[in-house]
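Peer 1: coords please:
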Amino acid sequence: MLSWLKGDKVDHPLADAKQAKKVIDAFPANDPWQTLEDANYWLESINETAAFKLEQRFELIDQLDVATRKAQETLLNTYNVLSEQDKVQERRIWKTVTDFWRVIAAGYLACVVQAQEGKGVPSAMKQQLPVIAARGLRALRHQMKWVLMRYAMVRPEIWSEIGRCVAFAEAGEFSDKPVDMYPAAGSSSIGYEFLRVMMLWASSPSGLSPAEQDVAERIIVYLTVKFRFGLKQWDDCDYCFDLDGQRPPLRLAPAMPVSPETRFFDAKEARQAAKAMLSQVAATGYCLRVWNWGQVWRPSGWPRC
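Peer 2: Got it, this is the predicted structure:
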């Protein structure tokens with residue numbers, strides 16, 4: 001672990017392999033809130049330390065991300081079942097989790113910037129670049145999701161950050177390359193992660209409860225392969241997004257001006273797949289409305305988002 005420590009020293013407590021392992025191993029297994037609080041502190045400090053090399057920065061962020069996966073999922077599940085009377089608990093969880101997605105997204109974006117602006121990426125790191133971009137997009141999606149769960153405004157900078165991750169992947173010609181996102185978590189790709197964040201926004205989940213928004217996101221993940229994406233517009237295409245990040249995704253209108261930076265996507269095939277799901281509804285009893293598809297059930301075996 002942390003083999004890069006043989007190189008130049010960095011003035012940071014985690015720039016010591018034994019100390020980094022000690023800190024991460026000390027995360028309380030039975031207290032997900034404290035685990036994310038501790039991770040937030042260390043992620044913030046890593047983001048503020050400019051001296052880290054790309055491989056150093058990514059390896060620490062990766063370890064903190066992987067070590068908190070269970071806590072991320074536990075706090076989401078806890079948040080979804082809180083009653084209206086649990087205001088203090090609700091605010092506590094929301095603040096901690098939104099801070100986590102903010103700092104970890106910033107960490108992955110810092111890695112993207114270092115890879116773009118550095119004089120050269122070490123050979124050992126080149127295979128990690130798709131992981132960095134895909135996780136950056138995933139973190140931005142979760143950041144957006146938690147803001148929308150509080151019916152708040154998404155910060156405008158998120159669109160330029162999404163565009164930067166996608167442009168980075170396109171420049172490196174690994175947009176469609178399968179990515180093993182996490183150990184034993186299945187594969188994804190930058191293209192899939194881009195579609196998931198785009199369709200989360202396009203689904204307009206603000207009219208849903210937080211628990212329903214969570215299910216809506218899982219439907220998006222479940223049906224990602226049914227979404228369509230392209231560099232060129234096609235007949236009856238629904239949406240577009242400019243990688244320059246000046247604005248959120250837009251619904252396409254006749255004669256709308258587009259640029260070489262415009263990317264196109266829609267969910268027509270996904271809608272058909274969702275309708276087919278309706279005929280298989282058995283007995284879960286969990287329903288919601290999303291994309292005007294009508295009643296959609298929550299099947300067992302949802303993928304982790």
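
Peer 1: Let me see the contact set for residue 220.
Peer 2: By C-beta atoms under 8 Å, 6 or more residues apart in numbering, the contact list for residue 220 reads 196, 199, 200, 203. Using the backbone N, CA and C atoms, a C-beta is placed for each residue, glycine as well.

Peer 1: Actually, residue 259.
Peer 2: Counted by C-beta under 8 Å, 6+ apart, residue 259 has contacts 242, 244.

Peer 1: what about it, distance to residue 203?
Peer 2: Residue 259 sits 25 Å away from residue 203, going by C-beta to C-beta, to the nearest Å.

Peer 1: How about residue 257?
Peer 2: Taken as C-beta to C-beta, the span from residue 257 to residue 203 is 25 Å.

Peer 1: In this structure residue 122 contacts residue 56, no?
Peer 2: No: with contact defined as C-beta atoms under 8 Å, residue 122 does not count as touching residue 56 (10.7 Å).

Peer 1: The lengthiest helix in the chain - what's its average pLDDT?
Peer 2: Longest helix in the chain by number of residues (criterion: DSSP state H): helix 87-117. Helix 87-117 carries an average pLDDT of 96.

Peer 1: Pull out the buried positions in that helix.
Peer 2: Neighbour counts over helix 87-117 (16 or more other C-beta atoms under 10 Å) mark 90, 93-94, 96-112, 114-115 as buried.

Peer 1: again with stretch 181-196
Peer 2: So for stretch 181-196, counting by 16+ other C-beta under 10 Å, buried means 181, 182, 188, 189, 190, 191, 192, 193, 194, 195, 196.

Peer 1: ok, and what's touching it?
Peer 2: Outside stretch 181-196, the residues touching it (C-beta under 8 Å, 6+ apart) are 65-66, 69, 130-131, 133-135, 137-138, 141, 162, 165-166, 169, 174-180, 217, 220-221, 224-225, 227, 229, 263, 265, 303-304.

Peer 1: returning to what we had before: contacts for whichever helix or strand comes after the longest helix of the chain?
Peer 2: Going down the chain from helix 87-117, the next helix or strand is helix 123-126, by DSSP states H and E. Contacts to helix 123-126, defined as C-beta under 8 Å, 6+ apart, come from residues 54, 55, 58, 115.

Peer 1: What pLDDT is listed against the first one?
Peer 2: At residue 54 the predicted local confidence, pLDDT, stands at 94.
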